[in-house]
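> predicted structure and sequence below. I'll ask about it afterward.
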Amino acid sequence: MNCPFCGYFDSKVIDSREVNDGIRRRRQCLRCEMRFTTYERLQPASLFVIKKDGRREEFRREKLLAGIRKACEKRPLPGGAVESLVDEIEGELYQSGKAEIPSAAIGDMVMAKLKKLDHIAYIRFASVYREFADITTLKEEVDSLAGHALTPPADQLPLLPADELPVQTNKPRRVHR
Ligand SMILES: [Zn+2]
């Protein structure tokens, strides 16, 4: 970057520190000796998501964030929990070094993390993402989760308060002949 004061092309770095997702550098112009600040942010390589129907679309953090936010709506999660979950996934995706990743793989990563974070959010996300064919499949997932959750982590609320899921009250319809 040229000096904003005199336009000279070269400067020296007199201080640099990491900030959020980048590096802040304090620079001094080699000609006029004025000081200025630059920020460097990592520009990740493009990452494409392969959708179920085979289409590719560029990975968008906002989209992932929106999906997870929706699953976590009104859940008593600590501030920033959803964002850091998305940060983790994003980091793992880019660190994988792959240029393309199936949407199913991302979905699985989200589910694994939500399962640890909040069971209700997990079930909500799973019901959309897995497109549970019917309430029985969903109930099986809930039951298996309930089985695992005999000793739920201390920071989680009890699984499935009565009004959280439209679990059907009558037994699954089965035709007996
Ligand atoms: Zn200068």
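Received it, and whenever you're ready, just let me know what you need.

> which pLDDT value goes with residue 94?
Looking at residue 94, its pLDDT stands at 82.

> residue 18 now?
86.

> list the contacts for it?
residue 24 (CB atoms under 8 Å, 6 or more residues apart in numbering). For every residue, glycine as well, the C-beta is placed using N, CA and C.

> distance of it from the ion?
As judged by CB to the ion, to the nearest Å, residue 18 and the ion stand 26 Å apart.

> got phi/psi on that residue?
The phi/psi pair for residue 18 (degrees, to the nearest 10) reads phi -80, psi 130.

> and for residue 60?
According to degrees, to the nearest 10, residue 60 has phi -130, psi 120.

> what is the end-to-end distance of stretch 53-60?
End-to-end distance of stretch 53-60 (CA to CA, to the nearest Å): 18 Å.

> list the buried residues in that stretch.
Within stretch 53-60, the residues scored as buried using 16 or more other CB atoms under 10 Å are residue 59.

> residues of this structure that sit close to the ion?
3, 5-6, 8, 29, 31-32 (CB under 5 Å from the ion).

> could you rerun that using 8 Å?
The chain comes close to the ion at residues 3-8, 11, 29-34, as judged by CB under 8 Å from the ion.

> can you list the residues you listed in a markdown table and add distance to residue 85?
Shown next, in a markdown table, are the residues of the chain next to the ion (distance: CB to CB, whole Å):
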| residue | distance to residue 85 |
| --- | --- |
| 3 | 41 |
| 4 | 38 |
| 5 | 43 |
| 6 | 46 |
| 7 | 45 |
| 8 | 45 |
| 11 | 39 |
| 29 | 42 |
| 30 | 44 |
| 31 | 47 |
| 32 | 47 |
| 33 | 46 |
| 34 | 43 |
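
> how about the most centrally placed residue in the chain, nearest residue that isn't a chain neighbour?
By CA atoms, centre = their mean, the chain has its centre lying nearest to residue 86, at 2.2 Å. Distances taken as CB to CB, 6 or more residues apart in numbering put residue 65 closest to residue 86, at 4.9 Å, once the chain neighbours are dropped.

> and what of residue 10?
Using CB to CB, 6+ apart, the nearest residue to residue 10 is residue 30, at 4.7 Å.

> which residues touch that neighbour?
Residue 30 touches 8, 10-12, counting by CB under 8 Å, 6+ apart.

> show the buried residues in those.
For the contacts of residue 30, a neighbour count by 16+ other CB under 10 Å gives the buried set as residue 11.

> farthest pair in the contacts of residue 30?
Distances among those were taken as CB to CB; the most separated pair is 8 and 12, at 11.4 Å.

> I'd say residue 39 and residue 21 touch.
No - assessed by CB atoms under 8 Å, residue 39 is found out of contact with residue 21, at 9.9 Å.
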